[in-house]
Every structure is written in C-alpha cells, then in structure tokens.
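**Q** sequence below, structure please.
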Amino acid sequence: MKFKKFGSTEQRVYDLVKPITDDLGYFLWDVCYVKEGAMWYLRVFIDCDEGITINDCEIATRPISEALDEADPISQSYMLEVGSAGLERELVKEEHFEVCIGDEVRVHLIRASDGEKDIVGILRSAGKEGVTVAHEDGSERTFSLSDISYVKLYMDFE
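**A** Take a look at the predicted model:
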C-alpha cells in the first residue's frame, strides 16, 4: 500500500472543489479521475459528521459542476459524480488516517500474518513506518505499508 498522491488532473480539481465543499460544510474526502470502458468519470467524494444524504450530493453537485464548467480543468468529456465516501470507506491519504485515529478499521494484508489476512482493530497510528492497530485485549500490532493491500473503516453490521 502507498499513500495516494493525486495526479495533476485530480489535484487541479481538488484545489478547485475544496473551497466549495468547505463553504457548504462538507469534508472533501477524495477526488478520483478514472477511465471505465470508453468513458471518463470524475468522482468527488464528500463527508460530514452527520453523514451524507442524496440531498447533500445534489446540493454539492450544482456549484461543483458550475466551477468545473467555468475553469474547464479537463479537456475531454467526462461524467461528474458527487457522492458519499461511504461507511466503510478506504483510507488512502495520510490525512484520512489522521482523522480516523481512534476509529475501528479493517487492515487487509497481501499475505496472511499469523493465519489472518483481515485484521480488525482500533487505528492507533499510521505513517511511513506502517499502520498500528490495537485489539480488544489491549495488544497492538504494526503492519508495514508494503504488507497492506488496503485499510478501510470497519462497521460491524451484525
């Protein structure tokens, strides 16, 4: 796993959209510009303490779309999607890990460690040295970034 670095298009869009989401009271979680089949998609993921609703996505879409139309930072056509980062969102940027310290996460390993590929625990720290999670018994484990496939917030739906 590596911490996500924006491509130039994503960075331009992030810089353009962040003041808009801030003004609306949303946290700009991520910007993804991806090609799927023949179509390009610009996905803007937002969050807030109360959670994101369809109405929030609609409220954010209009000013974001207008700003993108005016600045025209992307030369080809694309579909804009504004949505929630999701309950079990993936942590991909260093700031994601910072705001999620103390939250329950699932660390998915590339190869099993002690017979496990999925480790659930409380996120204690994350950085270039790795990701540390604490278990219910108080023990902690640190995993090297090179051993991690992904880290996501964990929700127990049972």
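
**Q** what lies in contact with the helix or strand bottoming out on mean pLDDT in the chain?
**A** Each helix and strand of the chain was given a mean pLDDT (mean pLDDT, DSSP states H and E); the minimum falls on helix 94-99 at a mean of 92. Applying CB atoms under 8 Å, 6 or more residues apart in numbering, the contact partners of helix 94-99 are F3, W29, R89, L91, L123, A126, G127, V131, V151. To be clear about C-beta, it is placed using only N, CA and C from the backbone, and glycine gets the same treatment.

**Q** make a ChimeraX selection of the buried ones in these.
**A** A single ChimeraX command selects the buried members of the contacts of helix 94-99 (16 or more other CB atoms under 10 Å):
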select :29,89,91,123,126,131,151
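
**Q** which of the contacts of helix 94-99 sits closest to W40?
**A** W29 (20.1 Å; CB to CB).

**Q** who are the contact partners of the closest one?
**A** If you count contacts by CB under 8 Å, 6+ apart, W29 has them with F45, I46, D47, A85, R89, H96.

**Q** same thing but 10 Å
**A** 21, 44-48, 52, 83-86, 89-93, 95-96, 99 (CB atoms under 10 Å, 6 or more residues apart in numbering).

**Q** quick one: which of those residues sit in strands?
**A** Counting by DSSP state E, the contacts of W29 place V44, F45, I46, D47, G83, S84 in strands.

**Q** related to what we said a few turns ago, follow the chain on from the least confident helix or strand of the chain and name the next helix or strand.
**A** Beyond helix 94-99 on the C-terminal side, the first helix or strand identified by DSSP states H and E is strand 104-113.

**Q** if I pick Y78, what's in contact with it?
**A** So Y78 contacts T9, Y33, V34, K35, M39, W40, Y41, L42, R43, L68 (CB under 10 Å, 6+ apart).

**Q** show me how far the strand or helix carrying the last one is from its chain's centre.
**A** L68 is part of helix 54-71, with elements assigned from DSSP H and E. In terms of CA atoms, centre = their mean, to the nearest Å, the centre of helix 54-71 is found 19 Å from the chain centre.
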